[in-house]
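Q: After the sequence you'll find the predicted model.
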Amino acid sequence: MTRLKMGIIGVGGIAESRHIPAYLYLNEIVEVTAVCDVNPVRAKEVANKFEIAQVYDDYHAMFSNVDAVTICTPNKFHAEIAISALDAGLHVLCEKPMAMNAKEAKLMLEASKRNGKKLSIAYHYRFVESVQLSKKTMNEVGDPLVTRVQAMRRRKVPGWGVFTNKDLQGGGSLIDWGCHLLDAALWMLDKRKPIEVNGQIYNQLSKTPNQINEWGAFDHDTFDVDDHVTAYIRFDDHSTMLFECSWAANIKEDVTQISISGVDGGLQVFPFEFYTPKNGAFTTSSAYVQNDQHQAGILQAKNFIESCLGHAELISTPEESLQVTQLIDAIYESSTSGRSVKIQ
């Protein structure tokens, strides 16, 4: 069986904890042949840990020895590296978000099309069991009316890496965490198009000194990204979405939830439940699902590899990921301008 030769660009936590283990598990169809990082010492450590033969500090030098790359760098470098790899004739799986903004994301999509190579963004929540089941149940919901999305953490600003660096990441809780649930909800809503956004971003809590934070220390004086975001989104079929995400909210406990109320029924995703009137009574049905994040990472990798080998269609397409980035841009723009923003 043909195996895809995979290179990893950026060997931080997400590469080490999700992508490389997933590829090693799928070793019958993929071989991780190389890693690359601007920190050669770190790259060598990861290569030794996973017994990967080739180590680079320049991703261009890697291209001739692989069929595809997985990009795990800060957001600022997603577009630059993806376009270079696509133009070199490689397939690309890029960590979320697609890019710093929609302009960059469009250039990535154009590079994928002109080179005839696969481009996918690692929105792995599409492969979580509850989301997959909810997607299949949408025909029983009927026409959706209101979607509610919450990606809420009580006090979990990621204090490591570059998560709070706006120049390298482009934003905070929305572009890092809320985007996952936003993408999953849009996928469930299928072809419905967002047309108008009213959004507001906050970061007062994380700029206050002496805050308790569960995920490591960070400098409140230099904190310049969003830690809490709200948005009201209208779609072309007159349905709406109420969206909220946060790294640092004064709430009782973390909340990860998508719920959709439709004409025929309604559902919530975590845990999966379906609501509908039936036989003269209100009924609730549920399903036992594990929602294993590790397994979702494996399924994401499998779909990408099989699509590169011509055996499957991409589940996370670049066109859909571009739509997520356009929404993120619109939320930020609306907050800055104080007005609703139309999406073309």
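A: Nice, thanks for sending it over. None of these values were measured; they are calculated from a predicted model.
Q: residue contacts, the residue positioned nearest the centre of the chain?
A: The chain has residue 123 as the residue nearest its centroid, 3.5 Å off, counting by CA atoms, centre = their mean. Residues near residue 123 by CB atoms under 8 Å, 6 or more residues apart in numbering: 96, 179, 180, 183, 184, 316, 321, 324. C-beta: built from backbone N, CA, C; applies to glycine.
Q: Could you find the closest non-adjacent residue to it?
A: Nearest residue to residue 123, sequence neighbours excluded (CB to CB, 6 or more residues apart in numbering): residue 183, at 4.2 Å.
Q: got the contact list for the helix or strand containing that neighbour?
A: Under the criterion of DSSP states H and E, residue 183 resides in helix 179-189. When contacts are defined by CB under 8 Å, 6+ apart, helix 179-189 is touched by residues 96-97, 123-126, 128, 131, 134-135, 138, 144, 147, 149-151, 192, 194, 235, 239, 241, 243, 245, 256, 258, 260, 269, 316, 320-321, 323-324, 327-328.
Q: returning to that earlier point: of the contacts of residue 123 - the most surrounded one?
A: Ranked by neighbour count (other CB atoms under 10 Å), those have residue 324 at the top, with 28 neighbours.
Q: my guess is that one meets residue 98, correct?
A: Yes. Counting by CB atoms under 8 Å, residue 324 does reach residue 98; the two are 7.1 Å apart.
Q: Past the helix holding residue 183, which element shows up next along the chain?
A: Next helix or strand after helix 179-189 toward the C-terminus (DSSP H and E): strand 194-202.
Q: For residue 306, give me phi and psi.
A: Here is the backbone geometry of residue 306 (degrees, to the nearest 10): phi -60, psi -30.
Q: And the closest residue to it other than its chain neighbours, how far from residue 318?
A: In space, and not counting its chain neighbours, residue 306 is closest to residue 312: 3.8 Å by CB to CB, 6+ apart. As for residue 312, its distance to residue 318 is 16 Å (criterion: CB to CB, to the nearest Å).
Q: ok, these two, which is more surrounded?
A: Per other CB under 10 Å, whichever of residue 312 and residue 318 has more neighbours is residue 318, with 24 against 13.
Q: CA atoms of the longest helix that the chain contains as CSV?
A: If you go by DSSP state H, the chain has its longest helix at helix 318-337. Output of helix 318-337 as CSV, limited to C-alpha atoms (Å, rounded to 0.1, in the frame of the first residue of the first chain):
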residue,chain,number,x,y,z
PRO,A,318,-10.7,25.2,2.7
GLU,A,319,-13.8,27.0,1.4
GLU,A,320,-15.6,26.3,4.7
SER,A,321,-12.6,27.3,6.8
LEU,A,322,-12.4,30.6,4.8
GLN,A,323,-16.0,31.2,5.9
VAL,A,324,-15.0,30.8,9.6
THR,A,325,-12.1,33.3,9.1
GLN,A,326,-14.5,35.8,7.4
LEU,A,327,-16.8,35.5,10.4
ILE,A,328,-13.9,36.1,12.8
ASP,A,329,-12.8,39.1,10.9
ALA,A,330,-16.4,40.5,10.9
ILE,A,331,-16.7,40.0,14.7
TYR,A,332,-13.4,41.9,15.3
GLU,A,333,-14.4,44.6,12.9
SER,A,334,-17.8,45.0,14.4
SER,A,335,-16.4,45.4,17.9
THR,A,336,-13.8,48.0,16.7
SER,A,337,-16.3,50.0,14.6
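Q: in its sheet, what does the helix or strand following that helix sit against?
A: Note on helix 318-337: by DSSP H and E, the next helix or strand toward the C-terminus is strand 341-342. Using DSSP bridges, the strands paired with strand 341-342 are strand 194-202 (antiparallel).
Q: List the contacts of the partner strand.
A: 174, 186, 226-236, 241, 323, 326-327, 330-335, 339-343.
Q: what is the orientation angle of that strand with helix 318-337?
A: If you take axes from the mean of the first three to the mean of the last three CA atoms, to 10 degrees, strand 194-202 sits at 50 degrees to helix 318-337.
Q: What residues sit buried inside strand 194-202?
A: Of all the residues in strand 194-202, those buried under the rule 16 or more other CB atoms under 10 Å are 194, 196, 197, 198, 199, 201, 202.
Q: any idea which of these is closest to residue 114?
A: Within these, proximity to residue 114 (CB to CB) peaks at residue 194, which comes in at 26.8 Å.
Q: and the closest one, bridged to which residues?
A: If you apply DSSP bridges, the partners that residue 194 bridges to are residue 235.
Q: next one: residue 119
A: On the basis of DSSP bridges, residue 119 is bridged to residue 92.
Q: if we can go back for a sec, now, the contacts of helix 179-189 that are in strands?
A: 144, 147, 149-151, 194, 235, 241, 243, 245, 256, 258, 260 (DSSP state E).
Q: would JSON lines of those residues with distance to residue 38 and pLDDT be doable?
A: Converted to JSON lines, these look like this (distance: CB to CB, whole Å; pLDDT from 0 to 100):
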{"residue": "144", "distance to residue 38": "44", "pLDDT": "98"}
{"residue": "147", "distance to residue 38": "40", "pLDDT": "98"}
{"residue": "149", "distance to residue 38": "35", "pLDDT": "98"}
{"residue": "150", "distance to residue 38": "36", "pLDDT": "98"}
{"residue": "151", "distance to residue 38": "30", "pLDDT": "98"}
{"residue": "194", "distance to residue 38": "36", "pLDDT": "97"}
{"residue": "235", "distance to residue 38": "41", "pLDDT": "98"}
{"residue": "241", "distance to residue 38": "38", "pLDDT": "98"}
{"residue": "243", "distance to residue 38": "35", "pLDDT": "98"}
{"residue": "245", "distance to residue 38": "30", "pLDDT": "98"}
{"residue": "256", "distance to residue 38": "33", "pLDDT": "97"}
{"residue": "258", "distance to residue 38": "36", "pLDDT": "98"}
{"residue": "260", "distance to residue 38": "42", "pLDDT": "98"}
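Q: With that, I have no additional questions.
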